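>>> Got a sequence here, can you build the structure:
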Amino acid sequence: MVSIPSDSPRQFPKSGFVKLNPKEKIEEEQLPFYDPQDFYPVYLGEVLASRYQVVSKLGYGTSSTAWLCRDLQGHGFFTLKVCIRGQRPENEIAVSKHLENSNTHAGKHLVRLVLDSFEITGPCGKYLCLLYQPHGMSFTEFRNLLPDNKFPKDLTQRSIQLLLISLAFMHDNHVVHTDISSNNILQGIVDSTILSQIEEDEIQRPIARKVLDDRQIYYSRPMPVCASLPVLSDLGEARIGKHKHRGDIMPGIYRAPEVILGMDWDWKVDIWSIGTMVWDLVQDSHLFFAKKNGLLDDEQHLAEMVSLMGPPPPEFLRRSEKCRQFWDEQGNWRGSIPIPEQSLEIRERQFSGADRELFLKFLRKIFRWLPDERPTAEELAYDDFLMQPIMSE
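Sure, this is the predicted structure:
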């Protein structure tokens with residue numbers, strides 16, 4: 001058997017960093033239902049699966065922590081997600097395998113797939129780890145660094161067109177993402193020296209942390225801005241199949257009307273998500289408020305949709321008994337909440353002239369009651385608004 005040469009693990013400093021107050025809650029400790037036993041106590045410099053040395057903390061969530069690791073055998077870097085105890089993301093692994101085994105497509109490298117998974121054992125049980133290619137900050141984080149927290153027009157056009165190519169790849173292979181938002185779009189990384197620099201920074205200027213008896217809680221080290229292709233991530237809620245699906249999906253204010261009303265749905269929900277996400281990126285507010293007394297409210301959400309799209313057609317109303325709560329048979333609104341006095345023209349404040357006309361036309365293609373009337377991802381990628389930079393040249 002040919003042995004694979006390995007790099008030696010590097011030594012990470014055990015001093016020289018800011019020790020935070022043990023009583024102050026930081027990072028994952030601030031989560032509402034945080035239980036330390038659910039989180040594997042990763043420490044910098046640790047080697048997992050006899051191969052991946054942890055070199056920096058990248059982030060955390062309710063179901064995992066994320067770390068930058070150096071591959072001691074392959075001599076590159078990976079992102080490692082350490083799931084909380086009991087979390088078994090079989091769906092994300094299955095969807096990744098399905099897409100990995102699919103035919104070559106221009107959008108295939110624009111979707112973040114699980115490359116490998118393995119289990120580790122900690123003091124409180126077993127924890128599943130997922131391995132990914134490393135990527136940069138999310139579009140949400142990047143937007144918050146931009147002037148007025150808004151994407152400029154040219155960046156929006158380029159990014160959304162590439163995202164639609166990644167969606168076309170997924171849809172061609174009968175996968176619905178169901179959770180598209182700026183949180184799940186990551187900046188790609190071409191220059192790996194960025195990752196090497198993060199490792200060096202962790203050694204030369206170690207991050208502040210809490211030192212507890214059974215673990216250390218590190219602050220996440222922010223990723224630098226990367227000017228590469230956007231990558232669609234987080235396949236945990238994706239669905240596979242040529243058939244229609246049922247069930248509640250999509251984050252509250254981003255739900256498509258067919259989801260709110262309990263209808264069957266398909267990949268056209270992802271097209272709806274493109275519209276709500278684009279609005280988030282270029283405007284200074286969400287498109288839908290969708291809340292009453294601070295709580296998510298279906299009637300409020302639907303009333304806002306009527307104000308922006310007009311009344312739903314009869315064919316749409318016949319698809320769900322729930323529609324009778326809000327409309328009569330002619331499509332007249334019968335809800336208790338008044339229709340807001342607004343329109344896309346009134347709400348849109350970012351563009352002017354021809355740019356504004358093209359942008360509103362783009363949105364109207366997306367925001368349709370009948371999913372069948374929304375364009376495919378490939379069709380939308382050739383929309384006049386997104387093609388404007390190319391056509392002007």
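>>> Against N293, how distant is V114?
From V114 over to N293 the distance is 40 Å, taken as C-beta to C-beta, to the nearest Å. The way it works is simple: take the backbone N, C-alpha and C, and place the C-beta from them, glycine included.
>>> So these two - more neighbours on which side?
V114 (20 against 6; other C-beta atoms under 10 Å).
>>> Roughly how far does the more buried one sit from K81?
From V114 across to K81, the span is 9 Å (C-beta to C-beta).
>>> Do I have it right that L167 meets A377?
Yes - if you go by C-beta atoms under 8 Å, L167 and A377 touch, sitting 3.9 Å apart.
>>> any residues in contact with both of those two?
When C-beta atoms under 8 Å, 6 or more residues apart in numbering defines a contact, the residues bordering L167 and A377 alike are D270, I274.
>>> Quick check, pLDDT for P134.
Per-residue confidence (pLDDT) for P134: 96.
>>> do the same with M391
According to the predicted model, the pLDDT of M391 comes to 85.
>>> Confirm M305 sits in a helix?
Yes - going by DSSP: H, G, I helix; E, B strand; the rest coil, the assignment for M305 places it inside a helix.
>>> Is there a neighbour count for H286? I'd like the number.
With other C-beta under 10 Å as criterion, H286 counts 12.
>>> follow-up on the earlier one: L167 and A377: who's more crowded?
It is L167, of L167 and A377, that has more neighbours when counted by other C-beta under 10 Å, with 29 against 23.
>>> Point me to the helix or strand that includes the more buried one.
L167 is part of helix 153-172, with elements assigned from DSSP states H and E.
>>> So which elements touch the helix or strand that comes right after that helix?
Using DSSP H and E, the next helix or strand after helix 153-172 towards the C-terminus is strand 175-176. Under the contact criterion of 3 or more C-beta pairs under 8 Å, 6 or more residues apart in numbering; DSSP states H and E, the helices and strands touching strand 175-176 comprise helix 90-100, strand 239-240.
>>> Give me the contacts around the first one.
Helix 90-100 is contacted by residues 108, 111, 113-115, 117, 130, 169-170, 173, 175, 234-238, 240 when judged by C-beta under 8 Å, 6+ apart.
>>> what's the answer for stretch 320-335, then?
Judged by C-beta under 8 Å, 6+ apart, the contacts made with stretch 320-335 from elsewhere in the structure are 261-263, 299, 302-303, 306, 311-314, 316-317, 339.
>>> now the nearest residue to V114 once chain neighbours are set aside: how far from L131?
Distances taken as C-beta to C-beta, 6 or more residues apart in numbering place S96 nearest to V114, at 4.0 Å, with adjacent residues excluded. Taking C-beta to C-beta as the criterion, S96 is separated from L131 by 10 Å.
>>> of those two, who's got more company?
Relative neighbour count places S96 above the other of S96 and L131, with 22 against 19, counting by other C-beta under 10 Å.
>>> all strands for the stretch 1-150 of the chain, in order.
47-48, 52-60, 64-71, 77-83, 116-122, 125-132 (DSSP state E, counting those that start in this stretch).
>>> counting contacts, what elements does the second one pack onto?
Going back to what we said before, that points to strand 52-60. Using 3+ C-beta pairs under 8 Å, 6+ apart, the elements in contact with strand 52-60 are strand 47-48, strand 64-71, strand 77-83, helix 193-204.
>>> looking at these, which is closest to H135?
In this view, the helices and strands packed on strand 52-60 are compared for proximity to H135 by C-beta to C-beta, and strand 77-83 is the closest at 7.0 Å.
>>> which residues are contacting that closest one?
The set of residues that contact strand 77-83 without belonging to it, under C-beta under 8 Å, 6+ apart, is 39-40, 42, 48, 52, 54-55, 58, 63-71, 89, 115, 120, 127-135, 192, 195-196, 199.
>>> likewise stretch 254-269?
The contact list for stretch 254-269, computed with C-beta under 8 Å, 6+ apart, reads 170-171, 175-176, 178, 181, 244-246, 248-250, 272-273, 276-277, 288, 298, 301-302, 305, 312, 316, 319-320, 322-323, 369, 371-372, 374.
>>> rewinding a little: now do the shared contacts for V114 and K81.
Counting by C-beta under 8 Å, 6+ apart, the contacts common to V114 and K81 are L130, L131, Y132.
>>> okay, how far is it across stretch 229-249, tip to tip?
Length of stretch 229-249, first residue to last, C-alpha to C-alpha, to the nearest Å: 27 Å.
>>> quick one: buried residues of stretch 245-253?
By neighbour count, with 16 or more other C-beta atoms under 10 Å as the criterion, the buried positions of stretch 245-253 are H245, I249, M250, I253.
>>> My understanding was that L186 contacts P230; is that so?
Yes - taking contacts as C-beta under 8 Å, L186 lies within contact range of P230: 7.0 Å.
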